[in-house]
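1. Sharing a model that was predicted from the sequence below.
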Amino acid sequence: MSPDKGRRGTSGKGGGNRAAGHAAARRLGLVVFGGAFLVLFVVIAIAEGVGNPSVPSGAVAIVEDTPGDVGEITQAEFDHALELAAKQGGEKKVPKPGEPKYEELKETALNAIFEAVWLQGLAAEEGIEVSAQELAKERKKLKNESFQSEKEFKEFIKESGFTSEDIDDRVRLQILSAKLQERLAEKAPKPTQGEIEDYYEAAKATQFTQPASRNVRMIVNKSRKKAKEAREALDKDNSAKSWKKVAKKYSEEEATKKNGGLQAGVQEGTLEEPLDAAVFNTPEGRLEGPLKAPRGFTVFEVVSSTPESAQELSAVESQIKSTLEQRDEQEYFQNYVGAFANTWTARTFCADGYVTERCANYKGNGRPTTTPAACYEANPEGGLPEACPAPVSQLVPALPGTVTPLEPKGTPLAQRPRPKEEEAAEEAAGGIPGLPEGAAPPEGAPPPEGAPPPEEAPPAEEESE
């Protein structure tokens, strides 16, 4: 392997003292390449017992089933990745093995290399390639969008430690990632006509129905006497011109007093009671009030009404289809990425001193690496940390009755110990966790434990002749 191969770029952690270089790297899309594809990586340690091919001399790891020599990660490649990780982490020099920062930057460098290799391996399996023309075009586009001059670009190269080859590799990975996401979108299941119709029926009342509304003229005043005077004036002349004059004189609502007290498109339930009920139970053209309401004594008249109207399925079918496609693609994509991480971790073997959770020969203890060690101590100093995971995997079933075409996974209901006050509220809600006190259980939910069986309805009486 030539040292040039080891110059393939990596991504490091942000921050540090080189703010300008870091900002430019983010603009160019180089520090975190691959977009959502790599952001969604699910790191899962592989259990012991997997075959362990020997890593060649001069290499730190190998990844099986990759094109060409991409899968053999050389010492030179790792050293360059470590150097970039240190620069992007704000370190003045590359730490040596045994120094506090070394292990963190080592894992950062290895993870970035693995992600790049895995992505190239997957692209090769899918038959996806990047042409020289595509690479040149995308590189030019990113360079023009991210830097105002050639001088600024060269300063970024100098400060970041990237080489021209590094940048080409990053741009190539971005293009591969975009093409892979397009391929996955094509493979994702498409919503059926039945699913579209079910979604429409479930969402019809809330998303595709325009509620009934009314245009109402109102004069509001905190003084009953002045509200009566306004009513008397309108009793004599109930024209629009008179309303403008009277509202201007008597109404205390600045938002409407200049336009004759008119409030357009008032929907039921949006006014305070008892005014809301009065407005929606009064015929058009009839003067009412003064009515005592929270805002003040109100004189009102319903000018016109618009009945409730629902959009037909044909008018919103394409919108629903797009919504379901996006939801299905996201779920398919997440499942695919989880399987992808498992597959490529199983193909990655690391030399001694370079083994991480992304190596098949990693010997894990079943404990998450992000969990404080004190969680597993018998008598931890300072007590048990709050961030300790549950001793067993938690199931998160759906609350009964909450699975619908709009929420196919329902409302998650985590299994966990509950405080006594929550248990009391649960009993008041019929024994179903997650329901507010006094709320009726969802249709189809099982009866609470200890509840008497439902009474059978009496037989219908026969009609007499």
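-> Received the coordinates, thanks. Numbers count the residues shown, from 1 in each chain.

2. Can you read off the backbone torsions of residue 214?
-> Here is the backbone geometry of residue 214 (degrees, to the nearest 10): phi -140, psi 140.

3. Could you report the neighbour count for it?
-> Using other Cβ atoms under 10 Å, residue 214 has 21 neighbouring residues. For glycine as for every other residue, the C-beta is placed from the backbone atoms N, C-alpha and C.

4. One more: the one 3 residues further on?
-> Neighbouring residues of residue 217 were enumerated by other Cβ under 10 Å; the total is 24.

5. just checking, it touches residue 261?
-> Yes. Counting by Cβ atoms under 8 Å, residue 261 is a contact partner of residue 217 at 4.5 Å.

6. Overlap in contacts, those two.
-> 243, 247, 300 (Cβ atoms under 8 Å, 6 or more residues apart in numbering).

7. Could I get those in JSON lines, plus columns for pLDDT, neighbour count and distance to residue 59?
-> Shown next, in JSON lines, are the shared contacts of residue 217 and residue 261 (pLDDT from 0 to 100; neighbours: other Cβ atoms under 10 Å; distance: Cβ to Cβ, whole Å):
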{"residue": "243", "pLDDT": "94", "neighbour count": "25", "distance to residue 59": "87"}
{"residue": "247", "pLDDT": "93", "neighbour count": "24", "distance to residue 59": "84"}
{"residue": "300", "pLDDT": "95", "neighbour count": "26", "distance to residue 59": "83"}
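
8. Please narrow the residues you listed to those residing in strands.
-> Among the shared contacts of residue 217 and residue 261, the members found in strands (DSSP state E) are residue 300.

9. ok, so of the shared contacts of residue 217 and residue 261, who is nearest residue 61?
-> residue 300 (77.3 Å; Cβ to Cβ).

10. what's near enough to touch the closest one?
-> 216-219, 261, 275, 278-279, 282, 287-289, 291.

11. Provide the secondary structure category for residue 349.
-> With DSSP: H, G, I helix; E, B strand; the rest coil as the basis, the three-state label of residue 349 is strand.

12. Write down the beta-bridge partners of it, one by one.
-> residue 62 (DSSP bridges).

13. show me what contacts it?
-> Residue 349 sits next to 52, 53, 55, 61, 62, 63, 64, 359, 360, 361 when contact means Cβ under 8 Å, 6+ apart.

14. Looking at these, which are in strands?
-> Short answer: the contacts of residue 349 in strands (DSSP E) are 61, 62, 63.

15. Report how many residues lie close to the last one.
-> Same thing as residue 63. 24.

16. which residues sit in contact with it?
-> Contacts of residue 63 (Cβ under 8 Å, 6+ apart): 70, 71, 73, 114, 117, 118, 121, 344, 347, 348, 349.

17. Let's have those in a markdown table, adding pLDDT, secondary structure and distance to residue 184.
-> Formatted as a markdown table, the contacts of residue 63 follow (pLDDT from 0 to 100; DSSP: H, G, I helix; E, B strand; the rest coil; distance: Cβ to Cβ, whole Å):
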| residue | pLDDT | secondary structure | distance to residue 184 |
| --- | --- | --- | --- |
| 70 | 89 | coil | 21 |
| 71 | 91 | coil | 23 |
| 73 | 94 | strand | 26 |
| 114 | 94 | helix | 20 |
| 117 | 94 | helix | 19 |
| 118 | 94 | helix | 15 |
| 121 | 93 | helix | 16 |
| 344 | 93 | helix | 16 |
| 347 | 93 | coil | 20 |
| 348 | 95 | strand | 22 |
| 349 | 95 | strand | 27 |
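
18. Who wins on neighbours among these?
-> residue 73 (29 neighbours).

19. Run a quick neighbour tally on the spatially closest residue to it that is not a sequence neighbour.
-> Leaving out its chain neighbours, the residue that sits closest to residue 73 by Cβ to Cβ, 6 or more residues apart in numbering is residue 61, at 4.5 Å. Using other Cβ under 10 Å, residue 61 has 25 neighbouring residues.

20. what's the pLDDT at residue 61?
-> The model reports residue 61 with a pLDDT of 95.

21. how close does it get to residue 108?
-> 15 Å (Cβ to Cβ, to the nearest Å).

22. unless I'm mixing things up, residue 247 is touching residue 255, no?
-> No. With contact defined as Cβ under 8 Å, residue 247 does not reach residue 255; the gap is 11.1 Å.

23. re earlier: JSON lines please, covering the contacts of residue 300 and showing pLDDT.
-> Output for these, formatted as JSON lines (pLDDT from 0 to 100):
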{"residue": "216", "pLDDT": "95"}
{"residue": "217", "pLDDT": "95"}
{"residue": "218", "pLDDT": "95"}
{"residue": "219", "pLDDT": "94"}
{"residue": "261", "pLDDT": "92"}
{"residue": "275", "pLDDT": "93"}
{"residue": "278", "pLDDT": "94"}
{"residue": "279", "pLDDT": "93"}
{"residue": "282", "pLDDT": "93"}
{"residue": "287", "pLDDT": "95"}
{"residue": "288", "pLDDT": "92"}
{"residue": "289", "pLDDT": "88"}
{"residue": "291", "pLDDT": "94"}
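
24. Same list, those, but as TSV with secondary structure and distance to residue 269 please.
-> Shown next, in TSV, are the contacts of residue 300 (DSSP: H, G, I helix; E, B strand; the rest coil; distance: Cβ to Cβ, whole Å):
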residue	secondary structure	distance to residue 269
216	strand	14
217	strand	20
218	strand	17
219	strand	22
261	coil	21
275	helix	11
278	helix	13
279	helix	11
282	coil	16
287	strand	23
288	strand	19
289	strand	20
291	strand	17
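
25. could these be laid out in TSV, adding distance to residue 388?
-> Below are the contacts of residue 300 laid out as TSV (distance: Cβ to Cβ, whole Å):
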residue	distance to residue 388
216	58
217	63
218	59
219	63
261	62
275	54
278	58
279	56
282	62
287	68
288	64
289	63
291	59
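
26. OK, contacts around the closest residue to residue 242 other than its chain neighbours?
-> With sequence-adjacent residues excluded and distances taken as Cβ to Cβ, 6+ apart, residue 242 is closest to residue 234, at 6.4 Å. By Cβ under 8 Å, 6+ apart, the contact set of residue 234 is 219, 242, 243, 246, 287, 299, 301.
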